[in-house]
Each structure stands twice: as C-alpha cells, then as structure tokens.
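Trainee: need a structure here:
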Amino acid sequence: MLRTLAGAVVLVLDADGEVGRAVALAVGGRGASVVAVGEREPALAHVVGEIACAGGKARHVVGGVAEGTAKAKATWGRVDFVVAGDHEAARRDSPDAVAEAIAGALVRALAQRGEEAERPHESLDPGGRSPT
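Mentor: Predicted coordinates for the structure are as follows:
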C-alpha cells in the first residue's frame with residue numbers, strides 16, 4: 001500500500017531537471033502540495049500540469065529557495081519539507097528510485113511527528129533506500 005504525504009507542503013528545488021521532476025511527481029502522487037522551483041519556466045509548468053492531471057496540487061516558481069518559500073507560504077501558509085532535486089549523488093541511481101527513496105523518507109518523518117502515515121511502499125527497504 002502506498003504511504004501518504006497528504007497535507008504536507010513540499011518545496012522541490014531543481015524540479016525542472018530529471019531527478020527533481022521525478023521527486024515532484026512522487027511526492028505529489030502521495031498527496032503532498034508541491035511547489036516546483038527551478039530556472040526553466042516551461043519545464044516547471046509541465047511538471048505542475050502532470051501533478052494536476054493526476055489529481056494533485058502544485059504551483060511553480062522560477063527562482064530559488066526564497067522564491068519557492070514565498071510561493072508556498074502565500075498558497076498553503078507554510079513549508080514542511082525542502083528537497084534538493086538535483087545532486088551528484090542522486091545521479092547514481094535512476095530518478096524514480098531516488099524519488100521513491102525521498103518520498104519514503106518524508107512519509108517516515110511525518111509519521112515520527114505523529115501525523116498519519118500508511119504502510120511502507122514495497123519498493124523501499126526500512127532505511128528508505130531503493131532496492132539494488
């Protein structure tokens with residue numbers, strides 16, 4: 001069963017790149033409200049459209065952490081998590097594997113805060129890493 005991030009607001013940096021896009025789609029698909037941040041407006045708009053088509057909530061902003069935080073606070077009143085979508089270490093695995101690991105870690109963080117979380121997704125081990 002898929003775990004949920006319903007109610008969480010997640011700022012995804014570099015959401016216009018391959019890994020960031022996968023992270024935004026993964027957390028949006030688990031119910032998080034997503035602010036996609038990056039430099040390429042058309043790519044960001046496309047990510048937001050994909051999340052919306054899947055029934056999720058998302059906005060985008062060209063810029064960095066400050067602009068993304070301002071957009072999240074103006075839209076949903078807060079930021080719960082900030083995820084850097086593009087990092088050298090993230091390029092060692094597939095974008096989907098990285099996204100699933102990050103989404104799983106965020107769900108566990110919500111569960112530790114005492115908020116609702118369902119059973120772990122089968123593709124993640126207890127440490128939040130994707131299977132090798």
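Trainee: what sits against the nearest residue to Leu44 once chain neighbours are set aside?
Mentor: Closest residue in space to Leu44, ignoring its immediate chain neighbours: His60 at 3.8 Å, by Cβ to Cβ, 6 or more residues apart in numbering. Heads up, the C-betas are built off the backbone N, CA and C, glycines and all. Shown in contact with His60 (Cβ atoms under 8 Å, 6 or more residues apart in numbering): 15, 35-38, 41, 44-45, 47-48, 71.
Trainee: narrow those residues to those in strands?
Mentor: If you go by DSSP state E, the contacts of His60 have 35-38 in strands.
Trainee: where along the protein do the helices fall?
Mentor: Here the chain has its helices, by DSSP state H, at 18-29, 41-53, 65-76, 95-112.
Trainee: buried set for the second one?
Mentor: Just to be clear, that refers to helix 41-53. Judged by neighbour count (16 or more other Cβ atoms under 10 Å), helix 41-53 contains these buried residues: 43-44, 46-48, 50-51.
Trainee: just checking, what packs against it?
Mentor: helix 18-29, strand 33-38, strand 57-62 (3 or more Cβ pairs under 8 Å, 6 or more residues apart in numbering; DSSP states H and E).
Trainee: for Arg40, which non-adjacent residue is spatially closest?
Mentor: Asp16 (4.2 Å).
Trainee: just checking, that neighbour touches Val61?
Mentor: No - applying Cβ atoms under 8 Å, one finds Asp16 not in contact with Val61, separated by 11.0 Å.
Trainee: more neighbours, those two?
Mentor: Asp16 (25 against 22; other Cβ atoms under 10 Å).
Trainee: quick one, what contacts that one?
Mentor: Per Cβ under 8 Å, 6+ apart, neighbours of Asp16: 36, 38-40, 43-44, 47.
Trainee: phi first, then psi, for it.
Mentor: The phi/psi pair for Asp16 (degrees, to the nearest 10) reads phi -90, psi 0.
Trainee: tell me the pLDDT at it?
Mentor: We have a pLDDT of 93 for Asp16.
Trainee: sorry, back to before: now that we have the ones in strands among the contacts of His60, which one has the most neighbours?
Mentor: Tallying neighbours with other Cβ under 10 Å puts Ala36 at the head of the ones in strands among the contacts of His60, with 33 neighbours.
Trainee: perfect, that will be all.
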